[in-house]
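Participant: below are the sequence and a predicted model; questions follow.
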Amino acid sequence: MTNLQTVFEKARADQRAALVGYLPAGFPTKDGAVAAATAMVEAGCDVIEIGLPYSDPLMDGPTIQDAVHRALTNGTRIADVLRTVEGVARTGAAVLVMTYWNPVDRYGAERFARGLADAGGAGTITPDLTPEEAGPWRECSAAAGLDTVFLVAPSSTGERIKAVTDRCSGFVYAASLMGVTGARESVSVAAEGLVKRCREHTSLPVCVGLGVGTGAQAAEVAGYADGVIVGSAFIRRLLDAPDEAAGVAGVRELAAELSAGVRG
């Protein structure tokens, strides 16, 4: 298992930001998700977030919602998510699960943490679990050797940022804008200020997500953040491709472009 500390130490030694890519398990197919994520790692992604498909993805924009719907239609379950993590972890990348809390709660927090650790996972991102209510989950995760990543937003006060970052491990997820996920023409100007405010309260790496979709945007964010998170742009390559093989080639091409950006 590759942990997040190792990833960010290596990126720091290389004087660059880490590249974090997201794909939901089961999309475009169960095997296709592993193939696509593997291509992303081979082309330069340091960390992969595997999304756990959920029927009520409130934070996700239409692109990710479409992919998640297809994953659920493919019959993707938690066991498939863990198998996807296991397959991607074999690449040597650090692998996280991005999940809403309800599926984990129903599955059993301790059971999920053990299963994720056994699959080679490095931790979780839980966008709808407030850090103040995450004590039992943080304990389960720590016992399994997993990191717990929580989100801050441009609207977060200094007090709120401290409360969130004090409960994070691995890194802090800085949402660059208010609203749902999706690639945009430009990255919110609020992102850089949010990273600076986070660093007033924590020494953890701060990664910026929401809105990044090109190499130029990745280079811009890499100028002030420790990591650049990209999701919808990868999914769009798969959705727009005529077949799975072309989709995997598309995400490989995009990962190479983004990797050049964070290394520039």
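Facilitator: Yes, it's here. Everything numeric in this text was worked out from a predicted model, so none of it was measured. Numbers count the residues shown, from 1 in each chain.
Participant: drop to CA atoms for contacts and neighbour counts, all remaining ones
Facilitator: Noted.
Participant: what's the distance between the nearest residue to residue 171 once chain neighbours are set aside and residue 44?
Facilitator: With CA to CA, 6 or more residues apart in numbering as the criterion, residue 171 has its nearest non-adjacent residue at 4.8 Å, and that residue is residue 205. Counting by CA to CA, to the nearest Å, the gap from residue 205 to residue 44 is 19 Å.
Participant: phi, psi of the residue nearest to residue 24 when sequence neighbours are not counted?
Facilitator: Nearest residue to residue 24, sequence neighbours excluded (CA to CA, 6+ apart): residue 51, at 3.9 Å. Dihedral pair for residue 51: phi -80, psi 140, per degrees, to the nearest 10.
Participant: dig out what residue 51 forms beta bridges with.
Facilitator: residue 24, residue 98 (DSSP bridges).
Participant: wait, isn't it in contact with residue 21?
Facilitator: No. The criterion here is CA atoms under 8 Å, and residue 51 misses it with residue 21 at 10.5 Å.
Participant: hmm, who's touching whichever strand or helix holds residue 64?
Facilitator: Using DSSP states H and E, residue 64 sits within helix 62-73. Outside helix 62-73, the residues that touch it by CA atoms under 8 Å, 6 or more residues apart in numbering are 24-30, 53-55, 57, 181-182, 231-232, 235-236, 239.
Participant: buried among those? Make that a PyMOL selection.
Facilitator: Here is the PyMOL selection string for the buried members of those, based on 16 or more other CA atoms under 10 Å:
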select buried, resi 24+25+26+27+28+29+30+53+54+57+181+182+231+232+235+236+239
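Participant: elements contacting the longest helix belonging to the chain?
Facilitator: Counting residues, the longest helix found in the chain (DSSP state H) is helix 244-263. Contact analysis of helix 244-263 by 3 or more CA pairs under 8 Å, 6 or more residues apart in numbering; DSSP states H and E lists strand 18-24, helix 30-42, helix 215-222, helix 232-240 as its packing neighbours.
Participant: cutoff 6 Å now
Facilitator: Packing partners of helix 244-263 (3 or more CA pairs under 6 Å, 6 or more residues apart in numbering; DSSP states H and E): helix 30-42, helix 215-222, helix 232-240.
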